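> Give the three-dimensional model of this entry:
(chains A and B)
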Amino acid sequence: MRRILSSVRDGRGFDIVLVGVPFAFLFALAGLPLIYNILMSFQEVDMFSLGSVIRPFVGVDNYVALFRQPETWPILTNTLIFVVGSIAGQFVIGFGLALFFWTNFPGASWLRGLFLVSWVMPGLVVGAIWNWILSGDFGVLNFFLRESGLITANIFWRSDPSFSLWAVVIANIWLGTSFNMILLSVGLSAIPGDLYEAADMDGANAWQRFWTITLPMMRSTIGAIIALGLIFTLQQFDLFAAITDGGPNNSSNVAQYWAWDLSFRQYDFGRGATISVIMTVFVMFAAAVYVRSTRHEVRG
Amino acid sequence: MGIRKYSIAIALALTCASLVGIQAKAEDVKLTLWSLDRDIQPAPNLIKEFNEQKNGIQIEYRQIQFDDVVSEAMRAFSTGKAPDIIAIDNPNHAMFASRDAFLDLTDMIEKSSVIKPENYFPGPLKSATWDEKYYGVPKATNTIALYYNKDLFKAAGLDPTKPPQTWDELVETARKLNDPSKNVYGITFSAKANEEGTFQFLPWAQMGGAGYKTINGEGAVRALTIWKQLFDEKLTSPDTLTRSQWDATATFNAGNAAMAISGPWEIDRMLTDAKFEWGTALLPVPQEGAQRSSAMGDYNWAIFSSTKHPEEAFKALEFFASKDATMYKDFGQLPARADLPVPPTGNAVKDAALATFLEQMKYAQPRGPSPEWPKISKAIQDAIQAALTGQMEPKAALDQAAEKIKSIEG
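Sure, this is the predicted structure:
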């Protein structure tokens, strides 16, 4: 008894407790719902069985039925475009801004802080504002594009099937850029200055310094940002609800919005869970890539 | 230490239990009621009045957000925690009624001196009916009709006392009113990818002799072709595809659309926002003399079959129905009653609009009723949007919808 107690106080037991508490927490709040969700995707769920765990088992019927729907592949493709487009935009603009503020001109840190305002705003508010900006007839974006001579006729960002998905991507890039910028700024400031001094002495130009010092030193930060970006874009829901509702004709519908639509608008909980499982598989794949890419990282 | 702690806990538990016991004995029959009404809307106010009667029944109110009503109700029912009474959106009524989650009220209504089926508009009543039995009572109702800008009519040389009567006239009028140089579209409505799109399109299909079971019928195809024409000729904003009815009518109020199709919920805002003379008309029909139809919205009262106090719950519904006469005056919602005139409000424009909506109400038809309504509605929305964006021909889009609906209904 005493040995166990002392081990808990200082020893292996202490380690186990330290690991066990967060593990139990994670399992209860993330693991169980995940398992429940996977279970649900193999069951027939209706309003009477919503409250029970044991339900008629239908095997892969939900999956088969889902992929038989004509809109499934287009929606999955949309999801891919949305994720890649959003992350690329957020990252490139975010990195550009981070490098810009890194030059440390007067007031740089103030301005950098102000940029976070966009990240703090609730998605539905951002969505409602972009809804106006992107409006076809009297939207501000169309006004600027027209005045600058880039377009002659209004673009109906929300209602034209070839633009609707990009309308949400644009809004999402705006929403996520500042977060990328802040994390990348932190990464940049962690690079020791003497590396650049040494490179300078060796006669490296700005471009060479960027490619051979900045980027390699930022590797883990960039990996983390892209992994986080993937998670944030895959859970982006508010913007779709506020701007396009997934329309017109599913042209801006993505997996996460569709899962909600199936579960809470069409009350087909089984199929909604099925989409969530498919999304989970993709996220796990991306997470594995992320872990692999940062495995050889020198830590310290 | 352990024993002392336990004894305290036990003592506490006992006290609580006895307190609850005493309270329950002294108290009346307790009912719970869920609805999405806010403090200025009927449910909480009617409940307050009801509770003040102190007739041995007390109702406890819980407000639920619009998006959560059905899923909350399902979850509660499946875990045996359903409320006694709920206000449910009418197209969702059949889903619960068909599975006997709602109580069959037919016998109680037969004996009731307050709730009489013949007093209700047929559309709302049908939405609360399943298998020829009454599973609820209409709470309030609304429908859609045509709003038009009389000033723009005059400016275009049209007679402001003669709004369009048929579909062809509607298109023709929209063409005349359409003025891109002044940012004025001929007409606005909502073809959004949610229930609102179905809500607006279904009446057109029904006027053309089709229905949700025959959504690819000739009349429905013609209706969708007319809608597509409005889009193709830019007589309506392309954003009609993503605007809600409320947002669409806002463009009418701002003078950017000369006509609008929407419901009576617009009247009050229009009275303050619209700086022009406007009027209302019944929805145009396919050709002169064709049958009329319109959409039907708003909620029904229903009692969950799991209730322990069906008689008392029905008494509450009777009380609510007895207040229908003053519903418009008190809350600005139309009662689903054909026998009650809406009293004049003292505002001629408003009264004229209300008269149009009451007339239109006679032709309003429910969506469904079908237990699978949300999926059927989604099939219709997809068809509308596929056709209007030019990705499919109206006929092909509706054929596909009909195919989907057939497989949904089994």
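> Is A:I133 in contact with A:V140, as I believe?
Yes - between A:I133 and A:V140 a contact is recorded at 4.9 Å, counting by C-beta atoms under 8 Å. Glycine gets a C-beta too; all of them are placed from N, C-alpha and C.
> Looking at the two, which is more packed in?
A:I133 (18 against 12; other C-beta atoms under 10 Å in any protein chain shown).
> and the residue of the stretch 51-200 of chain A nearest chain B?
Relative to chain B, the nearest point of the stretch 51-200 of chain A is A:G51 (3.6 Å; C-beta to the nearest C-beta).
> OK, contacts around that residue?
If you count contacts by C-beta atoms under 8 Å, 6 or more residues apart in numbering or on different chains, A:G51 has them with B:75, B:78-80.
> And A:S252, by the same measure?
A:S252 neighbours (C-beta under 8 Å, 6+ apart): A:78, A:164-165, A:167-168, A:240, A:243-244, A:246.
> Counting neighbours, which of the contacts of A:G51 comes out on top?
When neighbours are counted by other C-beta under 10 Å, B:S78 leads these with 18 neighbours.
> Leaving out chain neighbours, which residue sits closest to it?
A:G51 (3.6 Å; C-beta to C-beta, 6 or more residues apart in numbering or on different chains).
> Distance check, that neighbour against A:V58.
18 Å (C-beta to C-beta, to the nearest Å).
> B:A401 now?
B:A401 is 25 Å from A:V58, by C-beta to C-beta.
> who's in contact with stretch A:140-157?
Contacts for stretch A:140-157 (C-beta under 8 Å, 6+ apart): A:132-137, A:139, A:163-164, A:166-167, A:170, B:237-239.
> Just the ones in helices from the residues you listed, please.
Counting by DSSP state H, these place A:132-133, A:164, A:166-167, A:170 in helices.
> got those residues as JSON lines, with distance to B:Y328 columns?
Below are those laid out as JSON lines (distance: C-beta to C-beta, whole Å):
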{"residue": "A:W132", "distance to B:Y328": "33"}
{"residue": "A:I133", "distance to B:Y328": "38"}
{"residue": "A:S164", "distance to B:Y328": "39"}
{"residue": "A:W166", "distance to B:Y328": "45"}
{"residue": "A:A167", "distance to B:Y328": "40"}
{"residue": "A:I170", "distance to B:Y328": "44"}
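> Quick check: of those residues, which lies closest to B:L177?
Nearest to B:L177 among these: A:W132, at 25.0 Å, using C-beta to C-beta.
> hang on, the earlier thing: just the closest of the contacts of stretch A:140-157 to A:I231, please.
Nearest to A:I231 out of the contacts of stretch A:140-157 is A:I170 (C-beta to C-beta; 20.2 Å).
> so who does the nearest residue to A:T214 once chain neighbours are set aside touch?
What sits nearest to A:T214 in space, not counting adjacent residues and going by C-beta to C-beta, 6+ apart, is A:I191, at 6.7 Å. Contacts for A:I191 (C-beta under 8 Å, 6+ apart) come out as A:213-214, A:217-218.
> What's the ChimeraX line that selects buried ones from those?
Burial among the contacts of A:I191 is assessed by 16 or more other C-beta atoms under 10 Å in any protein chain shown; the matching ChimeraX selection reads:
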select /A:213,214,218
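> What separation is there between the residue positioned nearest the centre of chain B and chain A?
In chain B, the residue lying closest to the centroid (C-alpha atoms, centre = their mean) is B:G297, at 1.7 Å. B:G297 is 16 Å from chain A, where distance means C-beta to the nearest C-beta, to the nearest Å.
> Over to B:F320?
B:F320 is 25 Å from chain A, by C-beta to the nearest C-beta.
> Spell out which residues of chain B are next to chain A.
Contact residues (C-beta under 8 Å from any C-beta of the partner chain) of chain B with chain A: B:67, B:70-71, B:74-75, B:77-80, B:95-96, B:99, B:101, B:183, B:192-194, B:237-242, B:251, B:256, B:374-375, B:378, B:381-382, B:385-386, B:388-389, B:391, B:400.
> Would you mind checking these for buried ones?
Buried, going by 16+ other C-beta under 10 Å: B:70-71, B:74, B:77-78, B:95-96, B:101, B:192-194, B:237-242, B:251, B:256, B:374-375, B:378, B:381-382, B:385-386, B:388-389, B:400, out of the residues of chain B next to chain A.
> give me the residue from chain A nearest chain B.
Counting by C-beta to the nearest C-beta, chain A gets nearest chain B through A:G247, at 3.1 Å.
> what about that residue, which SS state?
The three-state label for A:G247, taken from DSSP: H, G, I helix; E, B strand; the rest coil, comes out as coil.
> In three-state terms, label the nearest residue to it once chain neighbours are set aside for me.
Nearest non-adjacent residue to A:G247, counting by C-beta to C-beta, 6+ apart: B:A193, 3.1 Å away. Assigned by three-state DSSP, the conformation of B:A193 is coil.
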